[in-house]
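A.B. asks: When you get a sec, could you give me coordinates for this:
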Amino acid sequence: RGLLHNKLQDTDWRVQESAVLAMGALAEGCKEGLSQRGYLPDFIAFLINQLLNAEKPLVRSITCWTLSRYSEWVCEQQPAAMLEPLVMGILKCCVDGNKKVQEAACSAIATIEEAGQRLMAPFIPAVLQCFAQALQTYQQRNLIIMYDACGTLADVVGSELNRPEYLAVLMPPLIGKWESIADDDRSLSPLLECLSSVVIALGQGFAQYAPPVFARCTRLIDMALNKQRAGLEEGTENDLIVCSLDLISGMAEGLGSSIESLVAQTSSLPLFLDCCQHWAPDVRQSAFALMGDLCKSAGPHLQPYLPTIMSLLQQNIDPDYVSVCNNATWAMGLLAMRFGPEIESAVPELITALINLMGRPKLNPALLQNTAITIGRFGLMCPDTVAAALPQFVAPWCTVLAKMKDDTEKEHAFRGMAKMALVNPQGCLDAFEYLCEALASWDMAKMPQDLRDQLGQMLAWFKQNLQQAGAWETIYGRVPQPLQEALMNKYSLSPV
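C.D. replies: As a prediction, the model looks like this:
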């Protein structure tokens with residue numbers, strides 16, 4: 001510490017720069033030790049007050065990087081008193097006259113945003129003023145980093161960004177770039193990614209910009225697919241397709257049902273279905289995510305294409321491509337919730353594919369959870385069709401459900417559970433202890449009262465009928481004592 005401290009004060013800027021670099025490198029493993037020794041407050045203050053204003057650009061740029069490495073520590077302090085001078089100091093460097101300093105500062109502010117999350121809200125006006133200036137003055141290389149910083153800000157502050165005074169600062173330069181940038185400019189994809197985050201944060205605040213953005217995205221996808229069909233491109237356009245699909249998904253999420261008119265005015269759905277059949281997994285991944293989002297916000301426009309969509313989803317239930325499979329499975333569940341009986345003829349084959357996934361406990365956890373949710377949603381909307389297969393999946397299904405957070409998706413799965421158990425109670429008996437484990441996993445404060453009543457009645461029905469058959473003691477005896485106590489507390493299920 002003493003040696004580095006002396007080097008930081010050295011009159012030779014090269015020695016200072018190397019000391020700052022060394023301290024940045026130490027952040028990864030030594031941050032806690034430096035904090036315990038009380039070194040960090042003075043060190044960080046010195047960097048902000050002295051070295052961010054150093055004469056040499058290399059010292060300023062390495063100082064930005066090193067400060068970003070300690071930003072998580074700054075944000076963890078109670079209160080985070082150093083966050084304001086840190087943010088303001090880095091923002092000043094974002095509009096530095098030196099491009100290397102701009103680059104380092106822009107990367108640093110994105111890192112600080114991620115560390116600060118909602119703590120960044122008070123600094124939104126200053127950050128936006130800086131970003132607006134940078135968007136108008138940066139050259140291409142640094143613009144790409146600035147797009148990332150804009151997108152990250154939108155991700156972390158969310159709907160806080162949707163204020164007229166903020167839109168007036170951020171959107172003119174951002175849309176200015178969108179309108180002036182050529183279709184073949186390599187910075188178009190990062191701009192699309194940035195706008196995807198912005199539109200989700202702004203919600204209806206983005207509505208006035210949506211029609212031309214939607215139209216251009218569909219045109220970019222069409223153009224890229226046509227190039228590939230003609231053999232002019234062999235995958236180099238995939239990034240543009242993916243980013244365009246993701247931006248349309250962002251608009252579907254942010255604008256909700258307002259996007260329906262945009263879908264209606266274009267022939268975009270056949271284009272999106274072409275992307276669902278693309279040879280590249282990353283394109284299919286984004287296309288299926290878009291199908292799920294459109295199901296929620298523009299469902300009627302999917303209806304004519306349901307047979308094709310369901311067939312494509314089934315073809316992509318392949319765990320060798322985890323992300324594609326995950327999004328296809330998720331979209332499948334949303335389609336079930338939206339269209340219910342209209343897709344029932346496709347359910348038997350789809351359930352078979354989902355049961356195969358459910359029987360592989362070492363699969364990606366997120367994929368298993370989405371599979372469990374979708375099975376539950378199918379059970380909720382088409383219980384007669386799915387309940388017959390309960391013995392094939394109920395044990396691993398309940399094991400996955402028991403580990404899930406208590407949210408709307410889990411609620412849908414449990415509503416499906418209640419319906420399927422009513423149709424085929426026999427199908428639950430061999431795995432009754434797993435069913436009980438899943439039921440006991442809920443924090444009852446988060447469970448809707450009607451679902452609590454429904455599940456309590458289901459358990460009471462099992463108890464009454466199994467007692468009449470003389471089997472309750474044997475079957476419920478497999479349930480561990482702590483679980484029995486939990487079910488007593490949560491559903492008033494007495495063991496005798």
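A.B. asks: going forward, measure contacts between C-alpha atoms and count neighbours the same way
C.D. replies: OK.
A.B. asks: Extract the residue ranges of the protein that are flagged as low pLDDT.
C.D. replies: 1-5, 233-236 (pLDDT under 70).
A.B. asks: Go ahead and flag the most central residue of it.
C.D. replies: Geometric centre of the chain, nearest residue: residue 155, 9.8 Å, by CA atoms, centre = their mean.
A.B. asks: can you tell me the helix or strand for that residue?
C.D. replies: With the criterion set as DSSP states H and E, the secondary-structure element containing residue 155 is helix 140-157.
A.B. asks: Flag every buried residue along that helix.
C.D. replies: If you call a residue buried by 16 or more other CA atoms under 10 Å, then helix 140-157 has these buried ones: 142-157.
A.B. asks: next one: stretch 203-222
C.D. replies: Under the neighbour-count criterion of 16+ other CA under 10 Å, stretch 203-222 has 203-206, 210, 213-222 buried.
A.B. asks: ok so, going back, return the residues in contact with the residue nearest to the centre of the chain.
C.D. replies: Applying CA atoms under 8 Å, 6 or more residues apart in numbering to residue 155 gives the contacts 197, 198, 201.
A.B. asks: For burial, what's the neighbour tally of residue 279?
C.D. replies: Using other CA atoms under 10 Å, residue 279 has 10 neighbouring residues.
A.B. asks: Correction: the previous question concerned residue 232.
C.D. replies: The local packing of residue 232 (other CA under 10 Å) involves 13 other residues.
A.B. asks: three-state assignment of it?
C.D. replies: On the three-state scheme (DSSP: H, G, I helix; E, B strand; the rest coil), residue 232 is labelled coil.
A.B. asks: now the closest residue to residue 45 other than its chain neighbours: how far from residue 29?
C.D. replies: Computed as CA to CA, 6 or more residues apart in numbering, the closest residue to residue 45 that is not its neighbour in sequence is residue 82, at 7.9 Å. In this view, residue 82 and residue 29 are 21 Å apart by CA to CA, to the nearest Å.
A.B. asks: Neighbour count for those two, which is higher?
C.D. replies: residue 82 (17 against 9).
A.B. asks: how much space is there between the more buried one and residue 65?
C.D. replies: Computed as CA to CA, the residue 82 to residue 65 distance reads 16 Å.
A.B. asks: repeat for residue 362
C.D. replies: Distance, residue 362 to residue 65, by CA to CA: 39 Å.
A.B. asks: swap in residue 346?
C.D. replies: In this structure, residue 346 and residue 65 are separated by 54 Å, where distance is defined by CA to CA.
A.B. asks: and these two? which has more neighbours close in?
C.D. replies: Higher neighbour count among residue 346 and residue 65: residue 65, with 24 against 15, using other CA under 10 Å.
A.B. asks: Report all helices and strands that the helix or strand hosting the more buried one contacts.
C.D. replies: With elements delineated by DSSP H and E, residue 65 resides in helix 57-69, which encompasses its position. Packing contacts for helix 57-69, counted by 3 or more CA pairs under 8 Å, 6 or more residues apart in numbering; DSSP states H and E, involve helix 13-36, helix 40-49, helix 83-94, helix 99-116.
A.B. asks: distance between the helix holding residue 155 and the chain's centre?
C.D. replies: Here helix 140-157 shows a centroid-to-chain-centroid distance of 17 Å under the convention CA atoms, centre = their mean, to the nearest Å.
A.B. asks: After that helix, which helix or strand is next?
C.D. replies: Scanning the chain past helix 140-157 towards its C-terminal end, the next helix or strand to appear is helix 164-180 (assignment: DSSP H and E).
A.B. asks: ok, residues contacting the next helix or strand after that next one?
C.D. replies: Sequence-wise, the next helix or strand beyond helix 164-180 is helix 188-202, with elements assigned using DSSP H and E. Residues from elsewhere that reach helix 188-202 (CA under 8 Å, 6+ apart): 144, 147-148, 150-152, 154-155, 157-162, 178, 181-182, 205-206, 239-240, 243-244, 246-251, 253-255.
A.B. asks: Could you verify my assumption that residue 262 touches residue 214?
C.D. replies: Yes: between residue 262 and residue 214 there is a contact at 7.3 Å, judged by CA atoms under 8 Å.
A.B. asks: need the helices for the stretch 351-496 of the chain, in chain order.
C.D. replies: Using DSSP state H, counting those that start in this stretch, the helices found in the stretch 351-496 of the chain span residues 365-381, 383-387, 390-402, 408-423, 426-429, 432-440, 449-468, 472-476, 481-491.
A.B. asks: now for the first one, which elements pack on it?
C.D. replies: In terms of contacts (3+ CA pairs under 8 Å, 6+ apart), helix 365-381 is packed against helix 322-339, helix 347-358, helix 383-387, helix 390-402, helix 408-423.
A.B. asks: Alright, calling it a day.
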